[in-house]
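1. Have a look at this prediction, sequence included:
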Amino acid sequence: MLYEQMAVPLFSFALRLTRDRTVAEDVVQEVLVRAWRRADHLEPGSDALRGWLFAAARNLITDMWRAKARRPAIVSCDEAVDVAVTADDVDRVLRRQTLDDALYQLTPKHRDVLIQIYYEGRSLAETAHRLGVPLGTVKSRAHNALRALRMLLQEIEVQPR
């Protein structure tokens, strides 16, 4: 009988405060369970009972707000993953330093070819002219230098990009 009389007004009250249907339904259910547990202390059909029900609903919602305010914000897994894998300047600098160290472990001829082609942006023909060697030599040195560089980077467990 209490549910039939008070469920709709309590739900409207809770929905107005929470703006969430699910939470409002939970509030109504909890308030009516509390009333059932205190049935021997409450007078059915009285204004005091109605006031107690609305006060209990308001107090329950206030407790929910306070509990929510104390908890840290929850971040979805997608957001956390995006933040966790974002490369920053430190990562870029470390990769560059590792690459520079590996380059200087190559022979001077191999290093010179790679620097001309990849760092200074010269074509194979320009590199051959600048280094004073045949074009075929530049091609083979570049191939061998890249293979040696890849092996050096794998030894120190850095995956070339």
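-> In hand now; what should we look at?
2. burial count for A142?
-> Using other C-beta atoms under 10 Å, A142 has 18 other residues around it. Placement of C-beta: from N, CA and C, glycine included.
3. Am I right that A125 is in contact with L135?
-> Yes. A125 is in contact with L135 according to C-beta atoms under 8 Å; the separation is 6.0 Å.
4. Of the two, which one has the most company?
-> Ranked by neighbour count (other C-beta under 10 Å), A125 and L135 place L135 first, with 13 against 10.
5. Work out for me the element the residue nearest to the more buried one when sequence neighbours are not counted sits within.
-> Leaving aside its sequence neighbours, L135 sits nearest to A128 (C-beta to C-beta, 6 or more residues apart in numbering; 4.5 Å). In the assignment (DSSP states H and E), A128 maps to helix 124-131.
6. could you give the angle of the helix or strand that comes right after that helix to helix 124-131?
-> Sequence order places helix 135-155 as the next helix or strand after helix 124-131, per DSSP H and E. Inter-element angle recorded for helix 135-155 and helix 124-131: 100 degrees (by axes from the mean of the first three to the mean of the last three C-alpha atoms, to 10 degrees).
7. Report the rounded mean pLDDT for helix 135-155.
-> Average pLDDT, helix 135-155: 91.
8. Please apply the same query to stretch 55-69.
-> Stretch 55-69 shows a mean pLDDT of 89.
9. Could you pull out the buried residues of that stretch?
-> Judged by neighbour count using 16 or more other C-beta atoms under 10 Å, the buried positions of stretch 55-69 are A56, A57, L60, I61, M64.
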